[in-house]
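Peer 1: this one's sequence-less:
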């Protein structure tokens, strides 16, 4: 039974961090005029066998328009996690994984993806991580 859990956790971790779209909590997105902003979430029970954690990533896929400076982020409602600034051009797929975060630090059990851009600020819908 332990071998099966380890294998499931390893496969799930591989899927989360390789960019495949197999997340236990799922994905929420916001369509923008020149791309899509995503928040991905996965359960720590599956990823690291630590059920007190969740794993998440914010992603921006740019599908058109001119060059833009972005900063990906993730918010829990109480805390904002920011990545460094990046430049997005047509065809860019920019993603930042936030690693394992404590579920207990998310007051309403939901997170949102956030992007600061030279054209404005954008959010995804909330994603439940509890």
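Peer 2: All right, it came through fine. Nothing here was measured: the structure is a model prediction, and the numbers come from that model. Numbers count the residues shown, from 1 in each chain.

Peer 1: all helices for this structure, in order.
Peer 2: Using DSSP state H, the helices of the chain run over residues 2-18, 44-47.

Peer 1: same for the shortest one, what does it pack against?
Peer 2: In terms of contacts (3 or more Cβ pairs under 8 Å, 6 or more residues apart in numbering; DSSP states H and E), helix 44-47 is packed against helix 2-18, strand 53-62. Yep, even glycine has a C-beta here, placed from its N, CA and C like the rest.

Peer 1: my guess is residue 32 contacts residue 120. True?
Peer 2: No - using Cβ atoms under 8 Å as the test, residue 32 is too far from residue 120 to be in contact (9.1 Å).

Peer 1: tell me the pLDDT of residue 24.
Peer 2: Residue 24 carries a pLDDT value of 82.

Peer 1: what stretches of the protein score poorly on pLDDT?
Peer 2: The model of the chain has pLDDT under 70 over residues 1-22.

Peer 1: recalculate using a threshold of 90.
Peer 2: The model of the chain has pLDDT under 90 over residues 1-25, 130.

Peer 1: contacting residues for the residue nearest to the spatial centre of the chain?
Peer 2: The C-alpha lying nearest the average C-alpha coordinate of the chain belongs to residue 57 (Cα atoms, centre = their mean; 2.1 Å). Contact analysis of residue 57 by Cβ atoms under 8 Å, 6 or more residues apart in numbering lists 16, 38-40, 95-98.
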